[in-house]
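*Asks:* Need a 3D model of the sequence below.
(one chain, ligands or ions: 1)
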Amino acid sequence: MHRSPAPRLLQLLAPVLLLPALGCGPATTPETRTYYVAAEEVTWDYAPAGRSLISNEEWNDVQRPFVTAGDMHVGRLARKAIYREYTDSTFTTLVPRTPEWEHLGIMGPLLRGVVGDTIRVVFLNRASFPASMHPHGVFYLKDSEGAPYEDGTDDAARRDDAVPPGSGHTYIWPVPERAGPSHGEGSTAFWMYHSHTTEVGDVNAGLIGPMIVTARAHARADATPDDVDRELVVGFLEFDETNSTLWRENLRTYGKLPAGYTPDLVFGERVVGPESQYAFKETLNGFLYGNTPGLTMRQGARVRWYLMASTNFEIHAPHWHGNTVLASHMTTDVAALLPMGMLVADMVPDNPGRWLFHCHVAPHLLMGMEATYEVTPAS
Ligand SMILES: [Cu+2]
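*Replies:* Okay, here's the model as predicted:
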């Protein structure tokens, strides 16, 4: 049976709707925020500067194999599937990314909601394979979960699971209290969404994006928090190209087949030996070796970093040089991310300059999971 969402939704939203009556009224009123998001395939460049902007050289011997195509792996270029935001249901005009959000790179559009809102995503699949949008944190019924598995639901509740190429689906995600920041947290909670049709393959192909939920008492009309000056979202995204849904096509177009290698390629197959590591792209928002642009802030600003990871067998240790953050009620400069983990870290930078920001897992650092962030002086 596919339940009607209305009674459950009213139940979920009741605490928010009652707030004004209790005299601690929200700054805004609940609304439905609609996003038009398409999955599309692009040729992605993991290092558009063509050089390491950290070591300031056109690749040393450690870096070069990761950005150069070789047997059974791609280099700088790969076909990726990404989420892109359009202005309306015609899906003809892209919503431009402002300089402030240029750093998002390969990630999908930032979706925002305020506790009590409903996020509505009109999704169009322009990729060459079935895909979906599966959210974390927010409320969804079975027709908006975006993940195929045997859950006892009928066909109507499964149209979201694997949207065929050329088709669409509208996902409805109410934002209840439990999707917002809890007592003692800051003004926002951080979530993500990703394709969960072929979960591992789709995320490795690039279908992943961020979502921020703001507490109503701190929400501006555009759902941004009123007590933060600068928000940054950084995905510690490991793309295992051999486990990408687009792997075969990538290998033919951007990689190389070893001499004499003719068998039909098996999904996830890789050469055995040291070459296999070169199929892993250890990126920050899709960029290697300092190529992530736009991580900028002003000295003394209230900066909120939102960090997230991707889906492989990986942990990450984000490390900020030059400044400290407050994360999970702890002052630190190294945080921890599990696979698909999410983290909010607040920084009030007191130290202007260009500072290294990198993963402290040693192989990841060598493989390119590093960037710089820029703090401009207050005066
Ligand atoms: Cu890492």
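*Asks:* closest point of the stretch 1-150 of the chain to the ion, which residue?
*Replies:* Phe66 (13.9 Å; CB to the ion). Quick note: C-beta positions are derived from backbone N, CA and C, even for glycine.
*Asks:* Look at that residue and give its secondary structure.
*Replies:* helix (DSSP: H, G, I helix; E, B strand; the rest coil).
*Asks:* wait, what's in contact with it?
*Replies:* Going by CB atoms under 8 Å, 6 or more residues apart in numbering, Phe66 touches 75, 278, 280-281, 288, 367-368.
*Asks:* Just send those back as a markdown table, with distance to the ion, secondary structure and pLDDT too.
*Replies:* Output for those, formatted as a markdown table (distance: CB to the ion, whole Å; DSSP: H, G, I helix; E, B strand; the rest coil; pLDDT from 0 to 100):
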| residue | distance to the ion | secondary structure | pLDDT |
| --- | --- | --- | --- |
| Gly75 | 20 | coil | 96 |
| Tyr278 | 16 | helix | 92 |
| Phe280 | 11 | strand | 95 |
| Lys281 | 12 | strand | 97 |
| Leu288 | 12 | coil | 98 |
| Met367 | 9 | coil | 97 |
| Gly368 | 10 | coil | 98 |
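*Asks:* From the residues you listed, list just the buried residues.
*Replies:* Those of those that meet the buried threshold are 75, 278, 280-281, 288, 367-368, by 16 or more other CB atoms under 10 Å.
*Asks:* closest to Pro176 among these?
*Replies:* Of all the buried ones among the contacts of Phe66, Lys281 has the smallest distance to Pro176: 36.0 Å, by CB to CB.
*Asks:* partners of that closest one in the sheet?
*Replies:* Phe239 (DSSP bridges).
*Asks:* I figured it hits Glu238, correct?
*Replies:* Yes - using CB atoms under 8 Å, Lys281 makes contact with Glu238 at a distance of 7.1 Å.
*Asks:* ok, now which ones touch Val121?
*Replies:* Val121 sits next to 34-37, 111, 133, 170-171, 173 when contact means CB under 8 Å, 6+ apart.
*Asks:* ditto for Ser55
*Replies:* Ser55 is in contact with 63, 289, counting by CB under 8 Å, 6+ apart.
*Asks:* Tell me the secondary structure at it.
*Replies:* Relying on three-state DSSP, one would call Ser55 coil.
*Asks:* Any figure for the gap between it and Trp320?
*Replies:* Going from Ser55 to Trp320 by CB to CB, to the nearest Å gives 19 Å.
*Asks:* Over to Gly116?
*Replies:* Separation of Gly116 from Trp320 (CB to CB): 33 Å.
*Asks:* swap in Arg178?
*Replies:* The gap separating Arg178 from Trp320 is 30 Å, by CB to CB.
*Asks:* Which of the two has more residues huddled nearby?
*Replies:* Using other CB atoms under 10 Å, the more surrounded residue of Arg178 and Trp320 is Trp320, with 20 against 12.
*Asks:* Does the more buried one touch Leu326 like I think?
*Replies:* No - using CB under 8 Å, Trp320 is not in contact with Leu326, being 11.7 Å away.
*Asks:* Just give me the residues shared between the contact sets of the two.
*Replies:* Met347.
*Asks:* and this structure, which of its residues are near the ion?
*Replies:* Counting by CB under 5 Å from the ion, the residues of the chain close to the ion are 316, 359, 361, 364.
*Asks:* Filter these down to just the ones in strands.
*Replies:* Within the residues of the chain next to the ion, residues falling in strands by DSSP state E are Cys359.
*Asks:* So which of the residues of the chain next to the ion is surrounded by the most neighbours?
*Replies:* Most neighbours among the residues of the chain next to the ion, by other CB under 10 Å: His316, with 28 neighbours.
*Asks:* if I pick that residue, what's in contact with it?
*Replies:* Residues in contact with His316 (CB under 8 Å, 6+ apart) are 236, 309, 336-337, 359, 361, 364, 369.
*Asks:* Which members of these occur in helices, if any?
*Replies:* If you go by DSSP state H, those have His364 in helices.
*Asks:* Just put the contacts of His316 in CSV and tack on pLDDT.
*Replies:* Formatted as CSV, the contacts of His316 follow (pLDDT from 0 to 100):
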residue, pLDDT
Phe236, 98
Ala309, 97
Ala336, 96
Leu337, 97
Cys359, 98
Val361, 95
His364, 96
Met369, 98
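*Asks:* So what pairs up with the spatially most central residue of the chain in the strands?
*Replies:* The chain has Gly209 as the residue nearest its centroid, 3.1 Å off, counting by CA atoms, centre = their mean. For Gly209, the beta-bridge partners are Tyr193 (DSSP bridges).
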